[in-house]
Structure formats: C-alpha cells, structure tokens
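*Asks:* show me how the following folds:
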Amino acid sequence: MAEIKQFNSFPVSYNKLTDFTNKRVLAEYYHHDTPSEPSVSVLGTLTDVFISTDNDGYISLRFKYGTDVSFHEENYFTNLSYDSVVFASKNDEETYCIITLI
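*Replies:* Residues are numbered from 1 along each chain as shown. Here you go, the predicted model:
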C-alpha cells in the first residue's frame, strides 16, 4: 500500500458510505497473512451505515441479510480513493479493507 500523507476523518468516510446505502457494494478485507488476496469478501446491498463519534469513534456497516462490519477509530485509519472507502490498520500496514460501489 502506498504511503499516505493525510487520512480523512471517520465522519468524511461515513458521508461517502451513506452514498452507498441501498446499493450493491463489495467489501474486501485483506490481512497481512495473505496480502495478495482478500481474506474475507462481502458482496451485497448495503442497508445501513452507523457512526459514533463519542469516546470510541466507529463506523458500522449492515448488509442485507444480516452481515455487519465495524471499524473502530482506535484501530483504523480511513481514506477515500476514487469511488472506494479504505480502512487501514493502525497496527499493520498490510491489513486493510476496501469498500467499493459495484
């Protein structure tokens, strides 16, 4: 992953993700153990996006039929890349999740 000089805040990524609501998206989670292919992929309709900016900022995504994915600000940076939202681990530069509008 290329070095990023500035990361967006969780509210900026949340606003982008709300544009994806009720649309098909692909969420691919890449883990450092196998960085060349996604460890987990979720393809489906994004039904809800939640944000908490209190003490423990997080964004949570809910897909149709019950799959939920959450990202906590203490563990992830976030950034926008074209029509995608990226969450990158603060602990490991080879662990990240890309959420793309299909």
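*Asks:* next, the buried residues of the longest strand anywhere in the chain.
*Replies:* The strand that spans the most residues within the chain, counting by DSSP state E, is strand 40-52. Buried residues in strand 40-52, counted by 16 or more other C-beta atoms under 10 Å: 42, 44, 46, 49, 51. Bear in mind the C-beta positions are built from the backbone N, C-alpha and C, glycine included.
*Asks:* what does the next helix or strand after it rub up against?
*Replies:* Of the helices and strands lying after strand 40-52 in sequence (DSSP states H and E), the nearest is strand 58-63. Contact with strand 58-63 is made by 10, 13-14, 17, 27, 42, 44-52, 68-73, 78, 99, as judged by C-beta atoms under 8 Å, 6 or more residues apart in numbering.
*Asks:* 7 Å - rerun?
*Replies:* Here strand 58-63 makes contact (C-beta atoms under 7 Å, 6 or more residues apart in numbering) with 10, 13-14, 17, 42, 44-52, 68-73.
*Asks:* same check, this time on stretch 27-43
*Replies:* 26, 63, 67, 69, 92, 94-99.
*Asks:* same question for that stretch: list its buried residues.
*Replies:* 27-31, 38, 42.
*Asks:* pLDDT below threshold where in this structure?
*Replies:* Applying pLDDT under 70 to the chain flags residues 1-8, 35.
*Asks:* which residues in the protein form helices?
*Replies:* 10-18 (DSSP state H).
*Asks:* Gly57: what's it in contact with?
*Replies:* Gly57 touches 10, 73, counting by C-beta under 7 Å, 6+ apart.
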